[in-house]
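Chemist: need a 3D model of the sequence below.
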Amino acid sequence: MKQDLPESVSRDPLAALLDVQRGAFLREPFPAWEVRARHLRALRAMLFDNRDALAEAMNADFGQRSKAEVTLSEFVVLKQEIDGALRHGARWMKPQRRSVGKWLRPGRARIVPQPLGVAGIVVPWNYPLLLGAGPLVCALAAGNRAMIKMSELTPRTSALFEALIEKTFSRDHVAVVNGDASVGAAFTALPFDHLLFTGSTRIGREVMRAAAANLTPVTLELGGKSPALIGEHARFDYAVDSLLLGKTLNAGQTCIAPDYVLLPRGQEAAFIERARTRFAQLYPDFPDNRDYTSIISAHHFERLVRIADEALAAGAQLHPLDGQPGGQLSGQLSGQLSGQLSGQLSG
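Modeler: Numbering: from 1, shown residues only. Model (predicted):
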């Protein structure tokens, strides 16, 4: 059931919401496994009962994102996470014995897993469902409450997820917060019992700085480089095919999508040829193919065009995988962005 929030919400809604959740947690700090399992099943039912609507919302937010890709990269993974938590959660809760040093004998020691309280979850735009509901699975399995800040770059998905969460959980248990970057900054400044953030390294530093003021423990999953190395005796075609799959999934808008490839000198042309072959298999009739995801926003698109143009101006070679002439960036950058795999080769 939805719970009415106190009048203070209108003055400081985020802090008031945190107070409501923390008060609810203190009234029931150690929920039994049966209670946690019920919450996990409710989350799973909510997600899969509304998967078509959620996939359509993501497609609208991105401009183009196929239902098949959403199913594979978000729903399938979430189902595995929830089912795994349901299968192992009761065991995770059991105390674990630990040995003690000789100076503490005959004392005994054990680890007793306990909920922390209220977890704050900051969600990026690239996998809004997986990276919103995924950490929530962990929080619920551990007996915590949770506040979730969705990305403003996926407004339809964020609004729908908020509405579905409100129908599924009481607001003092799980609540979704939507808003721009200023709301996100205020959110990360709250004194959560744990804060999880997925996003860029630059914003990650700001998140850690804000959390440090409250001594809030943080889990940061930040952007980085993801090089790929193909050795002299590697299964060459298999390696290239795997790289293309990882690079083109979600149009490369994945934190661990390969950034560049290092391979033995002299294999550059073979790499490009195999990459083009595999790309054509993955996305036949590319200009009209509805399975390739769009870049999330005009700002991100322009940044990628600028990077490619700067590389060309500096003497780099661009090898578009869809067969279009190099240097002509259009649409969703088409296969050229994937072509950065071959355009950044060493040697």
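
Chemist: all strands for this protein, in order.
Modeler: Counting by DSSP state E, the segments of the chain that form strands are 96-98, 109-111, 118-122, 145-149, 174-177, 194-199, 218-222, 227-229, 260-262.

Chemist: can you say which of the ones you listed is packed in most?
Modeler: Comparing the strands of the chain on average neighbours per residue, with mean count of other Cβ atoms under 10 Å, the densest one is strand 118-122 at a mean of 27. C-beta coordinates here come from the backbone N, C-alpha and C atoms, glycine included.

Chemist: quick one: list the elements packing against it.
Modeler: Judged by 3 or more Cβ pairs under 8 Å, 6 or more residues apart in numbering; DSSP states H and E, strand 118-122 is in contact with helix 13-27, helix 130-141, strand 145-149, helix 181-188, strand 194-199.

Chemist: Val174: which of these is closest?
Modeler: Closest approach to Val174 among these is made by strand 145-149 (5.1 Å; Cβ to Cβ).

Chemist: sorry, back to before: need the strands of the chain in JSON lines with mean pLDDT, can you?
Modeler: Shown next, in JSON lines, are those (pLDDT from 0 to 100):
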{"stretch": "strand 96-98", "mean pLDDT": "94"}
{"stretch": "strand 109-111", "mean pLDDT": "95"}
{"stretch": "strand 118-122", "mean pLDDT": "98"}
{"stretch": "strand 145-149", "mean pLDDT": "98"}
{"stretch": "strand 174-177", "mean pLDDT": "98"}
{"stretch": "strand 194-199", "mean pLDDT": "96"}
{"stretch": "strand 218-222", "mean pLDDT": "95"}
{"stretch": "strand 227-229", "mean pLDDT": "94"}
{"stretch": "strand 260-262", "mean pLDDT": "94"}
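
Chemist: mind putting the ones you listed into TSV with distance to Leu78?
Modeler: Formatted as TSV, the strands of the chain follow (distance: least, Cβ to Cβ, whole Å):
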stretch	distance to Leu78
strand 96-98	28
strand 109-111	28
strand 118-122	14
strand 145-149	14
strand 174-177	15
strand 194-199	15
strand 218-222	16
strand 227-229	27
strand 260-262	30
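
Chemist: which residue is most remote from the mean position of this structure?
Modeler: Pro106 (46.8 Å; Cα atoms, centre = their mean).

Chemist: picking up where we left off before, how about the helices and strands packed on strand 118-122, which one is nearest Ser66?
Modeler: For those, the distance to Ser66 is smallest for helix 130-141, at 15.4 Å, taking Cβ to Cβ.

Chemist: contacts for that closest one next, please.
Modeler: Outside helix 130-141, the residues within contact range by Cβ atoms under 8 Å, 6 or more residues apart in numbering are 36, 39-40, 43, 47, 73-74, 77-78, 81-82, 85, 89, 92, 119, 121, 123-124, 145-146, 148, 150, 161, 174, 176, 196, 198.

Chemist: cool, and stretch 283-296?
Modeler: So stretch 283-296 is contacted by 61-66, 68-69, 125-126, 153-154, 248, 250-251, 253, 279-280, 301, 304, 322, 331-335 (Cβ under 8 Å, 6+ apart).

Chemist: what residues of it count as buried?
Modeler: When burial is assessed from 16 or more other Cβ atoms under 10 Å, stretch 283-296 yields the following buried residues: 283, 286, 292-296.

Chemist: for it, the distance to its chain's centre please.
Modeler: Relative to its parent chain, stretch 283-296 has a centroid offset of 22 Å by Cα atoms, centre = their mean, to the nearest Å.

Chemist: then stretch 42-57?
Modeler: Offset of stretch 42-57 from its chain centre (Cα atoms, centre = their mean): 17 Å.

Chemist: I appreciate the help and will end here.
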